[in-house]
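[1] Turn this into a structure:
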Amino acid sequence: MELLPVFQWLEATAVGTTIRESLWLFPMIQCGHLLGLALLGGTVLVVDLRLLGWGLRGEPVAELAGKLQPWMVGALGVTVGTGVLMFLSEALKCYYSPPFWYKMGMLAVATGFAFTVRRRAVGLGRGRVTAVVSMGLWLGVGFAGRWIAFY
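    Numbers count the residues shown, from 1 in each chain. Now for the predicted structure:
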């Protein structure tokens, strides 16, 4: 299936057009995206650093992760939701942007990893390699996302 017509249609939607033509909507949505990303990164980092044995040593990993899970899921929801809105306003730019495709791939892998491999490691209370991989995946998502603006 050819994706270009789909991307053209998405950019031409009323939502995409409204965001693109507004002076303030895109920057406001981007602020929400960055705040969601910061919260997501913070929750991931706290648990991963605990898995590495750095900080919050008095707190069991599974208990810490359990407390932060709703925040992580909420932050992921905000980040994805605002990301979709930003995407709609510039879908054609994204279509032709290798960093966008890298980000989407990394996001899929990082999210899948977080809810499978990392969740199991947290349940076991150990997983130094898992923590390093997790941090690397989410760093890759953020780096690729930032790279989109400069491509």
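[2] going forward, measure contacts between C-alpha atoms and count neighbours the same way
    Noted.
[3] how near is Leu25 to Thr17?
    Per Cα to Cα, to the nearest Å, Leu25 is found 11 Å from Thr17.
[4] For the protein, which element, helix or strand, carries the lowest mean pLDDT?
    helix 117-124 (a mean of 91; mean pLDDT, DSSP states H and E).
[5] Give me the helices and strands touching it, please.
    If contacts are counted by 3 or more Cα pairs under 8 Å, 6 or more residues apart in numbering; DSSP states H and E, helix 117-124 sits against helix 61-89, helix 128-148.
[6] 6 Å - rerun?
    Using 3 or more Cα pairs under 6 Å, 6 or more residues apart in numbering; DSSP states H and E as the contact test, no helix or strand touches helix 117-124.
[7] For that helix, list every residue counted as buried.
    118-123 (16 or more other Cα atoms under 10 Å).
[8] Now do that helix and helix 61-89, the angle between them.
    Here helix 117-124 points in a direction 160 degrees away from that of helix 61-89 (axes from the mean of the first three to the mean of the last three Cα atoms, to 10 degrees).
[9] Start at 275, not 1
    Understood, numbering begins at 275; the last thing we discussed is helix 391-398.
[10] picking that back up, go through the buried residues of helix 391-398 and say which is closest to Leu277.
    Checking the buried residues of helix 391-398 against Leu277 by Cα to Cα gives Arg392 as the nearest, at 32.4 Å.
[11] Angles on the backbone of the closest residue to Tyr425 other than its chain neighbours, please.
    With sequence-adjacent residues excluded and distances taken as Cα to Cα, 6 or more residues apart in numbering, Tyr425 is closest to Ser371, at 6.7 Å. Torsion angles at Ser371 (phi, psi; degrees, to the nearest 10) stand at phi -100, psi 110.
[12] returning to that earlier point: from the chain's centroid, how far away is the least confident helix or strand of the chain?
    19 Å (Cα atoms, centre = their mean, to the nearest Å).
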